[in-house]
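> Following is a predicted model, sequence given first.
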Amino acid sequence: MQEKTVVKKLRILFIISLLWACNKPVKLPLDIHLAELQKNGLFEQSEEISIPYDKMYKKPKKYLGLPLKEILADQLCLKKVDHTRTRLIFQCNDNYVVSMPLDKALSKNAYIVYKDLEAPQGKNWIDINNQGKKQTPAPYYMIWKDAPIEDNSFVWPYQLTTILVVEIKKTVGE
């Protein structure tokens, strides 16, 4: 139990250092390839996440993954980015693409997960039944720990491969 507390404290210090020690230039658009991050060891700091209700499985679930905020902070200096003019575009294996504003994505606790802890031994996932069609969430799935389930602006992309960070230019009249 004490080991988990120490790990949590180290994780908090790591996140704080990423958020405040920003010496990286901000170059947008930025492609974040999740498999590359995992290959380079970022997901070694994964944590167990329990959510009270998974929108796709329609029940409580447990996963292994990382906070979206931590992944973003590892890749760019969040304090140098205009959160209101930046969007995250989530690209999936099945060519599904969905986006949301960065400020909205950071307003709740999103996680990028890579393993369903309820999957049978030797497997990382249990298939999702999507309108009668079974689909794997692999390789990555974005979940929300505390976003309102009825709010569809909090997206739940699965088969996620890449997060594109883009700046939205001024619109007419601004």
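Now that the structure is in, tell me what you want to look at.
> count of neighbours near residue 65?
22 (other CB atoms under 10 Å). Heads up, the C-betas are built off the backbone N, CA and C, glycines and all.
> just use 393 as the starting number from now, easier for me
Happy to do that; since the first residue is 393 now, the last one works out to residue 457.
> worst-scoring helix or strand of the protein, pLDDT-wise?
When each helix and strand of the chain is scored by mean pLDDT, DSSP states H and E, helix 394-412 comes last, with a mean of 58.
> tell me which strands and helices the helix or strand following that helix is in contact with?
Counting by DSSP states H and E, the next helix or strand C-terminal to helix 394-412 is strand 422-425. Contacts defined by 3 or more CB pairs under 8 Å, 6 or more residues apart in numbering; DSSP states H and E place strand 422-425 against helix 460-467, strand 550-559.
> Using TSV, lay out those together with distance to residue 496.
Formatted as TSV, those follow (distance: least, CB to CB, whole Å):
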stretch	distance to residue 496
helix 460-467	11
strand 550-559	14
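> and these, which one's lowest on average pLDDT?
In terms of mean pLDDT, the lowest-scoring of the helices and strands packed on strand 422-425 is helix 460-467 (a mean of 94).
> The helix or strand just after that helix versus strand 550-559: what angle between them?
Counting by DSSP H and E, the element after helix 460-467 in chain order, helix or strand, is strand 478-484. Here strand 478-484 runs at an angle of 150 degrees relative to strand 550-559 (axes from the mean of the first three to the mean of the last three CA atoms, to 10 degrees).
> Mind listing the strands strand 478-484 pairs with, and their directions?
strand 489-493 (antiparallel), strand 550-559 (antiparallel) (DSSP bridges).
> give me the low-pLDDT residue ranges for the protein?
393-417, 562-566 (pLDDT under 70).
> Any idea which of the helices and strands packed on strand 422-425 gets closest to residue 536?
helix 460-467 (9.3 Å; CB to CB).
> Against which helices or strands is the closest one packed?
With contacts taken as 3+ CB pairs under 8 Å, 6+ apart, helix 460-467 sits against helix 394-412, strand 422-425, helix 426-431, strand 502-508, strand 550-559.
> distance between it and the chain's centre?
Helix 460-467 sits 8 Å away from the centroid of its parent chain (CA atoms, centre = their mean, to the nearest Å).
> and the angle for it with strand 550-559?
Counting by the same axes, to 10 degrees, helix 460-467 lies at 50 degrees to strand 550-559.
> by how many degrees do helix 460-467 and strand 502-508 diverge?
Going by the same axes, to 10 degrees, helix 460-467 makes 100 degrees with strand 502-508.
> what residues are up against residue 442?
The contact partners of residue 442, by CB atoms under 8 Å, 6 or more residues apart in numbering, come to 452-454.
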